[in-house]
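In: need coordinates for the following:
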Amino acid sequence: MQLFYNPDISEHTKQFSFDKEESKHIVKVLRKTTGDYVHISNGKGWLFTAEIAIADIKNCLVTITNKELKQKHPYNLHLAVAPTKMNDRYEWFLEKATEIGIDSITPIICEQSERKVIKTDRFEKIIQSAMKQSLHCYLPKLNNAISFKEFINQKFKGQLFIAHCEESNKKSLKQELKPKQDVTVLIGPEGDFSVKEIEMSVSNGFIPVTLGETRLRTETAALVACHSVAFINQE
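Out: Model prediction:
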């Protein structure tokens with residue numbers, strides 16, 4: 001099955017026209033024709049089956065024939081991850097985390113961040129592409145970049161963790177995680193969180209954790225945290 005994405009389709013939609021780019025892909029690349037079926041998600045949990053009514057390479061028209069609201073995983077995972085110096089490493093994290101299962105991502109600008117400005121347009125496209133490739137029907141939310149101080153002073157719910165490399169009394173993330181719980185995990189930049197940032201996070205209820213015995217890159221640490229939460233929730 002190949003999944004298409006369009007946020008404008010709702011459970012009340014009867015017919016829908018793909019844009020020029022996707023119409024061309026459906027008709028010329030996939031060689032779909034009138035009477036064939038395609039699958040579409042709006043990123044809000046709905047999976048639509050649609051029959052091609054007009055197989056036009058510029059304006060492919062489909063009729064919705066079936067709809068199904070997919071069940072969401074029993075937790076909400078929010079990763080706040082500092083941007084990496086090289087954009088492609090952050091993009092890799094976004095792609096893989098979307099495949100594994102994540103609900104929201106916030107780029108946090110820390111004291112020791114080497115990259116403080118990011119462009120989210122490409123990040124959004126990567127998340128959408130990964131959602132379609134992995135056949136997820138829920139699109140993760142990419143929040144605007146925010147300073148660590150602004151982020152940490154928000155109100156949170158569920159389990160709260162900060163993964164850092166400072167020598168201190170830290171717990172194991174995999175041992176602290178509980179299934180079916182909302183989880184927020186902070187992952188710092190290549191230079192790690194500052195001591196002040198760690199203290200601020202602890203003051204705001206975040207538990208310092210370790211992700212293992214080795215030092216991990218930012219994007220690897222984020223993915224380990226993501227997989228740990230998904231794994232603990234497997235039935």
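In: how is this protein partitioned into domains?
Out: 3-69, 77-232 (automatic domain parsing).
In: now the longest one: mean pLDDT?
Out: Domain 77-232 shows an average pLDDT of 94 in the prediction.
In: quote the end-to-end distance of it.
Out: Across its full length, domain 77-232 reaches 12 Å between end residues, using Cα to Cα, to the nearest Å.
In: over to stretch 187-200?
Out: Distance across stretch 187-200, first residue to last, is 14 Å (Cα to Cα).
In: so which bits of that stretch are buried?
Out: Of all the residues in stretch 187-200, those buried under the rule 16 or more other Cβ atoms under 10 Å are Ile187, Gly188, Pro189, Glu190, Asp192, Phe193, Ser194, Glu197, Ile198, Met200. Backbone N, C-alpha and C define where each C-beta goes, glycine included.
In: could you give the number of residues near Tyr90?
Out: Other residues lying near Tyr90 total 24 when counted by other Cβ atoms under 10 Å.
In: in this protein, which spans are helices?
Out: Applying DSSP state H to the chain gives helices spanning 20-24, 87-100, 120-133, 148-152, 173-176, 195-203, 218-232.
In: among the domains of the chain, which is the most enclosed?
Out: Ranked by mean neighbour count, the domains of the chain are led by domain 77-232 with a mean of 18 (mean count of other Cβ atoms under 10 Å).
In: distance from the chain centre to that one, please.
Out: Chain-centre distance of domain 77-232: 10 Å, with Cα atoms, centre = their mean, to the nearest Å.
In: same thing with stretch 217-235?
Out: How far stretch 217-235 lies from its chain's middle: 12 Å, per Cα atoms, centre = their mean.
In: do stretch 32-52 as well
Out: Computed by Cα atoms, centre = their mean, the chain-centroid distance of stretch 32-52 equals 22 Å.
In: closest to Glu167 out of the helices of the chain?
Out: Nearest of those to Glu167, taken as Cβ to Cβ: helix 195-203 at 11.0 Å.
In: helices or strands next to that closest one in the packing?
Out: helix 148-152, strand 159-163, strand 207-210 (3 or more Cβ pairs under 8 Å, 6 or more residues apart in numbering; DSSP states H and E).
In: can you put the ones you listed in CSV and add distance to Ile108?
Out: Output for these, formatted as CSV (distance: least, Cβ to Cβ, whole Å):
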stretch, distance to Ile108
helix 148-152, 5
strand 159-163, 11
strand 207-210, 16
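In: wait, which of those is closest to Leu77?
Out: It's strand 159-163; of the helices and strands packed on helix 195-203, that one is closest to Leu77 (Cβ to Cβ) at 10.1 Å.
In: what angle do the closest one and helix 195-203 make?
Out: Between strand 159-163 and helix 195-203, the angle comes out at 160 degrees (axes from the mean of the first three to the mean of the last three Cα atoms, to 10 degrees).
In: who touches strand 159-163?
Out: Strand 159-163 has contacts (Cβ atoms under 8 Å, 6 or more residues apart in numbering) with 173, 176-178, 181-188, 193, 198, 201-202, 204-211, 221, 225.
In: many thanks, have a good one.
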